[in-house]
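> here you go, sequence then predicted model.
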Amino acid sequence: MKSDPGSLSQGWLTPSGFFRKLKAMNQLAASPTEAPSSTPSDANPMRKIIIMVGVAIVVFLAVTGYSVHKSVQSIGQLAAIKDMYYPVLQKTEANIVRLDKMEELFMRAVMLGDHDPLDEAQDFFGQADKVFAELTVIYPDHSADVVKLRGEFKRYNDLAMKTAEALLKHSGNIREQTQQMNKALADLRLSIKQFRDASYDNFVKTLSQSQQTVKVNLYMGIALGMMNLCLMGVLVFFIKNNVNMMAVIAEQNATLEKRVAERTSQLRQKTNDIQSMLQNMPQGVLTVLPGGVIHPEYSAYMETIFETKDIAGKGLMDLVFSQTSLGANDLSQVDAAAASCIGEDVMNFEFNSHLLVTEFDKTMPNGSVKSLELSWSPIADNDVVEKLMLCVRDVTAFKLLANEAGAQKRELEIIGEILAVSQEKFQDFVEGAYAFIKENDEIIRKTADKDLDAVGLLFRNMHTIKGNGRTYGLQHMINVVHETEQEYDDLRQDPDKVWDPTSLLAQLDQVRTLVDEYHKINDVTLGRKGPGRRGSVERFFMVDKEQVARTQALIDQVNADDLAAMREVLADVGQTLRLIGTEKVEHVLAGIIESMPSLAKELGKEPPQITIDTQGLVVRNHIVGLLKNVFTHVFRNSVDHGIETAEVRQSAGKAPVGQIRLTMGLDNGRLQFKLRDDGKGLAIGRIRQKAIDSGLLTEADAPTPEAVAQLIFASGFSTADKVTEVSGRGVGMDAVKGFLRNEGGDVAIAFTDGNTTSDQRSFELVISLPDKYAVQAGA
């Protein structure tokens, strides 16, 4: 229950109350005195004077004795004020401050989702409980009231801790617990107020008695002071004693003023803290006033959610519920329910809270759609709802991630189902399913009216698809096929069921779409396109099945309210899906690389050292055959035409063993393989002469070195002097270019030296393919 933090301080220890009483006492003590005068009226004034002095002395002694007695009582009363009421009032006020602080900490813990404020609140509770124990000692006449207060304080603390823990864990009956806590808080505040007021009344009563005693003493002192100046010292002593006591009260007053100032500062800090939370918390919070108007104080994140600064004073329905996915009936219920709750009993809110919607989609001014989640709470005083608090969360990202997680989980499950079936069997299943779907499509289109023979054939075809799918464990397909099969069975069994070709074709399209999905995952994602491959299905799966199972478990277990955790899991799942149907280039080319030593030996050369830098890239299975064909020619060409014999290399100052380096990378949407060796390079002049001899160029042509270099890809072109088992037939690089272009790729020569006049040019072979054939698996 929300209340004014300073409401318990109104009407006591204020300048208009306690301070005014002190001022009146000081004025009374400082008021001027006047003595009565007397004149002799008989012939023997001395005797009368002696009698009067004697009477005066007797009266003075009697009154003085009475005055001394009253003064002693006054001193005792003032001492009682100092020793009892001030500690009681100060400790009570301190516990009020602690109660306010505990309420603030419980609110902060719930709003920030942090447990630390709850621990701090328990520290304040411990201090307050200790103070109540001290009050029972210094205020024994009211120890029963103190014990009652102490119990109510403990009950509120227990309820508040229980409610806060439930809110943090999102468990338990939050509404009932909140009501119990609010009632306990209200009862506690009332009890503390009554206790404080009673203590204050006792304080005022004692103080009044002390004032009356002072007055009597002063009047008697004035009347008797003129009779015997020698006794004025005694009267002055008592007056001075009273003045000293007033100074003590004034000192206590200054202490109380300081406490009031400190508490005012604490309240101001509390207000600033709440304002800071409203400005910085990543959640929308606003309050709704009577008439459905939004209070000027709201969290700054509301402007981010609704993309407007025009919030204060705006209507609830206009700001929150306009342009939403809610129907007219829902909007009407929300408007009526919100209006009926404000100004009524809290129970009315509980009865109507189910009408206050908690989630919907809202179209923003820029056309984007946000998913919003609402939480309604009543702000009540004495069980009467003064306004409604509305918390708004933008859960768009959560929903998108949840949908993405569901889609990825489904794809992983389908992949697991497909991998459990051999490629040949799966291909047979898909071809058979397509055949049955095509036959059903033709039957439905040709049949104008209900025909039981046609329906029976439809049913048998769909039942066959379902049976085959169940045999292979294709669960996602079985459910959809079963619904279509059931529709056909209803047509068979129910004579009154109408033949609706449009609906039947739509259902059949659902089955076809599902078969297409399975077919695409098998062909594209897993790379198992074609009638079948020999070997284990594991070659199509770079991550093991246990990792897939772990990934599926992560999707099931991830906290839907933890955005960071969901993103982390989805990234893991995405990487798993990307790696399915890929292979490492080192594995693809292993056989070719292993054959190079025998080729080098055949050519009389040292086996080259071949290094591959993949930059963390792997390739799709679709291009495994292509890469083998391409690099068979490329590596053989490098060993045959590029790398020299050990003697030639040593005479040129090179190591006897040649180096071949293959580097992979992604550039402008292309997968590139750059291959270079440290051999003799391209003989541009020799290539040009061979081109002239073969008719590709004339003597008059003057192509650039770059253009000459590209001639090695011409059909039938070769620089070899004779045909051998390795080279000379003019089909190597031409074949490479053809292989690549069939898959949207290409190959080119790029010079790597700056010597444009040299006949021997260092170069690298740049092979490129669409980047769809590559996946970034890691460094």
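Structure's in. What do you need?
> ok, longest helix in the protein?
Secondary structure of the chain per DSSP state H: the longest helix is helix 174-225.
> elements contacting that one?
Helices and strands touching helix 174-225, by 3 or more Cβ pairs under 8 Å, 6 or more residues apart in numbering; DSSP states H and E, are helix 18-29, helix 45-80, helix 86-112, helix 143-169, helix 232-280. In this view, the C-beta of every residue, glycine as well, is placed from N, C-alpha and C.
> helices and strands around whichever helix or strand comes after the third one, which ones?
Read that as helix 86-112. Next helix or strand after helix 86-112 toward the C-terminus (DSSP states H and E): helix 116-138. Applying 3+ Cβ pairs under 8 Å, 6+ apart, we find helix 116-138 packed against helix 86-112, helix 143-169.
> and these as CSV, adding mean pLDDT and mean neighbour count?
Listed next are those as CSV, based on pLDDT from 0 to 100; neighbours: other Cβ atoms under 10 Å:
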stretch, mean pLDDT, mean neighbour count
helix 86-112, 84, 20
helix 143-169, 86, 18
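> so can I have JSON lines of those showing distance to residue 389?
Listed next are the helices and strands packed on helix 116-138 as JSON lines, based on distance: least, Cβ to Cβ, whole Å:
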{"stretch": "helix 86-112", "distance to residue 389": "11"}
{"stretch": "helix 143-169", "distance to residue 389": "14"}
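> so which of those gets nearest residue 687?
helix 86-112 (74.1 Å; Cβ to Cβ).
> tell me which other helices or strands that closest one touches.
helix 116-138, helix 143-169, helix 174-225, helix 232-280.
> so where is the stretch 351-500 of the chain shaky, pLDDT-wise?
By pLDDT under 70, the low-scoring segments of the stretch 351-500 of the chain are 401, 405.
> how about the strands in it?
Counting by DSSP state E, counting those that start in this stretch, residue ranges of the strands within the stretch 351-500 of the chain are 359-363, 369-381, 384-394.
> adding mean neighbour count and distance to residue 634, write those strands out as CSV.
Compiled in CSV, the strands of the stretch 351-500 of the chain are given as follows (neighbours: other Cβ atoms under 10 Å; distance: least, Cβ to Cβ, whole Å):
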stretch, mean neighbour count, distance to residue 634
strand 359-363, 16, 56
strand 369-381, 18, 52
strand 384-394, 19, 54
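> Serialize the ones you listed to JSON lines and add fields for distance to residue 144.
Below are the strands of the stretch 351-500 of the chain laid out as JSON lines (distance: least, Cβ to Cβ, whole Å):
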{"stretch": "strand 359-363", "distance to residue 144": "51"}
{"stretch": "strand 369-381", "distance to residue 144": "29"}
{"stretch": "strand 384-394", "distance to residue 144": "31"}
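> if we can go back for a sec, can you tell which of the helices and strands packed on helix 86-112 is closest to residue 329?
Comparison of the helices and strands packed on helix 86-112 against residue 329 by Cβ to Cβ identifies helix 174-225 as nearest, at 24.9 Å.
> rewinding a little: kindly reformat the helices and strands packed on helix 86-112 as CSV containing distance to residue 638.
Converted to CSV, the helices and strands packed on helix 86-112 look like this (distance: least, Cβ to Cβ, whole Å):
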stretch, distance to residue 638
helix 116-138, 66
helix 143-169, 66
helix 174-225, 73
helix 232-280, 63
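> list just the one of those that sits closest to residue 402.
Of all these, helix 143-169 comes closest under Cβ to Cβ, at 21.0 Å.
> sorry, back to before: quick one: which of the strands of the stretch 351-500 of the chain is nearest residue 191?
Closest to residue 191 of the strands of the stretch 351-500 of the chain is strand 369-381 (Cβ to Cβ; 16.8 Å).
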